[in-house]
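# Sharing a model that was predicted from the sequence below.
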Amino acid sequence: MAEAIELEQVDPYSVALEDIDVSRPQLMQSDTHWGYFERLRKEDPVHYCKDSLFGPYWSVTRFHDIMEIEKDPELFSSDPSITLADRVEDFATVSFIAMDPPKHDVQRKTVQGVVAPMNLAKLEGTIRSRAAAILDSLPVGETFNWVDLVSVELTTQMLATIFDFPFAERRKLTYWSDMATSGELAGGPTPEPVRRAALYECLEYFTRLRDERVQQPARPDLLSMLAHGEDTRNMPPMEFLGNLILLIVGGNDTTRNSISGGVLALNENPREYDKLRRDPSLIPNMVSEIIRYQTPLAYMRRTASRDVEFAGKQFKAGDKIAMWYVSGNRDPQAIDQPDRFLIDRPKARHHLSFGFGVHRCMGNRLAEMQLRVLWEEIMARFSNIEVVGPVERVQSSFVRGYAEMPVRVHPH
């Protein structure tokens, strides 16, 4: 069985096709998943894995097949979950990303205003001043962990701002985000009782804040929007928690891992770093390429709502389907030279990292803006951010993230 094979230690082409399980968290932690996805795209693009940590599931690995599934939310439902891990019934959170229309549309609309173009324009100055302060505080000439001092710090400050969360306690948001995505039931290292305790703490803290916001006039922050929204103000506790976690993880994990991933990609591709130094006007295009190349959330799950044939395979009602964005973003049938990191790539926004259709990432423009502003401020200060040791990736098949990235910064 696949369980007995340590896939990350063998040649992807030496394993029987039926034994390939790309949901093994160790594959992404060791960065050895690429060959398995390449093989599945070539030999079995809609692949059935009969035995995994998450039970049986289908892998959809080609760009255009993923798009087809994204276009049909009625047939390929987001309920009950967006990850392969099944809902634990005595601790079942729900959020609008794991709902189908019309309820999904109503709840999403309530909070979408926080990333409306007018609000983004107001946020840009805040992001720039914060990015500048973080970069100016870095210990020049010393080795430090880029993930903690820059990636986590910038995104956590931003998250505290859009929630209007107590700024001095902002690292709680990082902690809750990490707890939400690192549970052992989802293949992570965090024991389930520890995860639950952290998320109950999150619920309790935010419930207290929400009760305060209800008594105050409506403001343009996420929590105030949830507290005053006609369709969200009376959410049951676990639905409130589910939406909080969605917004915290969406606003934190994705951007922070793209910030780290961009530094690593430029270090691994020095010609592209030279290109950037010669022409910083490439930054907006580079940001899209970083988001594609990193693919901070590796997949999203859908559940077949009825029996259906898809790409010559038979899905049964209730079957789990993983749309592997990390594979679709490296599909040569959809993207030219997809394994190359090219900061001047034409049509760089042609990628799957934000999803597609009704569930397309609500904060995609905010994520792009944070990365663009950060890189503009980096290039104004440093000739090089040098990765000086091995990086440590997180144990997850859902979040493609980093825990440690030792760097040194070199000023102009």
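Structure's in. What do you need? Numbering: from 1, shown residues only.
# low pLDDT regions in the protein?
1-5, 87-119, 359 (pLDDT under 70).
# can you do 80?
Using pLDDT under 80 as the threshold, the predicted model of the chain has low-confidence ranges 1-5, 80, 86-122, 220, 231-232, 250-254, 357-363.
# how many neighbours does Q216 have?
Residues within reach of Q216, counting by other Cβ atoms under 10 Å, total 10. C-betas here are computed from N, CA, C, even on glycine.
# And the one 10 residues further on, by the same measure?
Counted with other Cβ under 10 Å, residues neighbouring L226 total 24.
# Kindly provide the distance from Q9 to I291.
30 Å (Cβ to Cβ, to the nearest Å).
# So which of the two has more stuff around it?
Under the neighbour definition other Cβ under 10 Å, Q9 and I291 were set side by side, and I291 has more, 27 against 9.
# secondary structure element for that one?
Using DSSP states H and E, the secondary-structure element containing I291 is helix 283-294.
# try L199
Using DSSP H and E, the secondary-structure element containing L199 is helix 192-214.
# Format the CA atom coordinates belonging to the next helix or strand after that helix as CSV.
On the C-terminal side of helix 192-214, the nearest following helix or strand under DSSP H and E is helix 222-228. Once non-C-alpha atoms are left out, helix 222-228 reads as follows in CSV (Å, rounded to 0.1, in the frame of the first residue of the first chain):
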residue,chain,number,x,y,z
LEU,A,222,-13.9,43.0,8.9
LEU,A,223,-15.2,42.3,12.4
SER,A,224,-17.5,45.4,12.3
MET,A,225,-18.8,44.2,8.9
LEU,A,226,-19.6,40.7,10.4
ALA,A,227,-21.1,42.2,13.6
HIS,A,228,-23.4,44.6,11.7
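# and stretch 336-352, how far apart are its ends?
Looking at stretch 336-352, the gap from its leading to its trailing residue is 14 Å under the measure Cα to Cα, to the nearest Å.
# again but with stretch 134-148, I slipped
With Cα to Cα as the measure, the ends of stretch 134-148 fall 11 Å from one another.
# Stretch 321-332 too?
Using Cα to Cα, one end of stretch 321-332 lies 22 Å from the other.
# Repeat that for stretch 135-152.
Taking Cα to Cα, the first and last residues of stretch 135-152 lie 13 Å apart.
# Now do the buried residues in that stretch.
By neighbour count with 16 or more other Cβ atoms under 10 Å, stretch 135-152 contains the buried residues 135, 138, 144-147, 149-152.
# can you check stretch 48-57 too?
Within stretch 48-57, the residues scored as buried using 16+ other Cβ under 10 Å are 49, 52-54, 57.
# returning to that earlier point: tell me which strands and helices whichever helix or strand comes after the helix holding I291 is in contact with?
Past helix 283-294, further along toward the C-terminus, the next helix or strand under DSSP H and E is strand 299-304. Applying 3 or more Cβ pairs under 8 Å, 6 or more residues apart in numbering; DSSP states H and E, we find strand 299-304 packed against strand 76-77, strand 320-324, helix 325-328.
# Closest to N243 out of the buried residues of stretch 48-57?
Proximity of the buried residues of stretch 48-57 to N243, judged by Cβ to Cβ, is greatest for F54, which lies at 23.2 Å.
# Now do the same contact list for the closest one.
F54 makes contact with 23, 84-86, 187, 320 under the criterion Cβ atoms under 8 Å, 6 or more residues apart in numbering.
# repeat that with 7 Å
Applying Cβ atoms under 7 Å, 6 or more residues apart in numbering, we find F54 in contact with 23, 84-85.
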